[in-house]
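A.B. asks: I'd like to go over a predicted model; first the sequence, then the structure.
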Amino acid sequence: MFTGLIQGIGKVIGITAVDKGVHLKIEAPLLESPLTLGASIALNGCCTTVTAFHVQDDHQTFEVTLSSETLACTQFQHVTLGSRLNLELPLLPTSPLGGHYVTGHVDGCLEVKGIRPDGECSIWMIALPESNEEKALFVPKGSVALNGISLTVNTVNATSFSCCIIPHTLSHTTLGDLAVGDFVHYEGDLLGKYVQRQLSFLKG
């Protein structure tokens, strides 16, 4: 379980194709807690498992394997050497819930439709998913995880929703690497998913 508060940015330094998947090697700063073999770590909001790691001075390298299912649901099928990734370690029982509940189970990818300045901030317009069931999870002042970042939904219309990105978020995540036409991982609000599922049984 994560909260969508990014703890660092990693860089892909190795890509190896494996049977129906991809093996990534990532260079990263030291994070809030040490990595351990088999630990979970979110890469751009996608929960992965650390299969190897090495710590040296003020940085570390670690490795993960992405399955065919992960590649099909994410932008990792387009990853290249040098790609930067948002990193977050899972919650501890004592961790503050500064963002919202994020599982690291990416629902899919959405297109960045527009970026415009708003004072020192910027307003990002993101395409909504195609299905009405998924669209229903986006509500004004609700939560969404984009590339693993916990964000507040500002507005919602028939085809897109908006989020306001503050300078800190832009400079401490990989959002600054993106432009209109690029795609981001998204995970809909977990609590909304459970409410939606329960209501579907009541209606049926």
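C.D. replies: Looks like it came in fine. Owing to the predicted nature of the structure, the values given are computational and were not obtained by experimental measurement.

A.B. asks: Could you find the closest non-adjacent residue to E32?
C.D. replies: Spatial nearest neighbour of E32, excluding adjacent residues (CB to CB, 6 or more residues apart in numbering): Q7 at 5.5 Å. All C-beta spots, glycine's among them, are computed from the backbone N, C-alpha and C.

A.B. asks: Tell me how many other residues surround the one you found.
C.D. replies: When neighbours are defined as other CB atoms under 10 Å, Q7 has 18 of them.

A.B. asks: Check whether it really touches L31, as I assumed.
C.D. replies: Yes - using CB atoms under 8 Å as the test, Q7 is close enough to L31 to be in contact (5.1 Å).

A.B. asks: shared neighbours of the two, anything?
C.D. replies: Residues touching both Q7 and L31 by CB atoms under 8 Å, 6 or more residues apart in numbering: 87, 89.

A.B. asks: Could you pull up the residues touching the residue nearest to E32?
C.D. replies: When contacts are counted by CB under 8 Å, 6+ apart, Q7 touches 31-32, 87-89.

A.B. asks: Among the residues you listed, which has the minimum pLDDT value?
C.D. replies: In terms of pLDDT, E32 ranks lowest among the contacts of Q7, with 85.

A.B. asks: Are we agreed that that one is in a helix?
C.D. replies: No - assessed with DSSP: H, G, I helix; E, B strand; the rest coil, E32 is coil; it does not lie in a helix.

A.B. asks: For it, grab phi and psi.
C.D. replies: Backbone dihedrals for E32, given as degrees, to the nearest 10, come out at phi -60, psi -30.

A.B. asks: domain ranges for the protein?
C.D. replies: Segmentation of the chain into domains, based on automatic domain parsing, reads 8-88, 108-203.

A.B. asks: Select, out of the ones you listed, the one closest to F2.
C.D. replies: Within those, the stretch nearest F2 is domain 8-88; the backing value is 5.1 Å (CB to CB).

A.B. asks: Now do the end-to-end distance for the closest one.
C.D. replies: 7 Å (CA to CA, to the nearest Å).

A.B. asks: Ok, stretch 162-172 next?
C.D. replies: 20 Å.

A.B. asks: Over to stretch 174-193?
C.D. replies: End-to-end for stretch 174-193, by CA to CA: 27 Å.

A.B. asks: helices and strands around the host helix or strand of T70, which ones?
C.D. replies: Using DSSP states H and E, T70 sits in helix 68-73. Packing contacts for helix 68-73, counted by 3 or more CB pairs under 8 Å, 6 or more residues apart in numbering; DSSP states H and E, involve strand 21-29.

A.B. asks: which other helices and strands contact the strand it packs on?
C.D. replies: strand 8-18, strand 59-66, helix 68-73.
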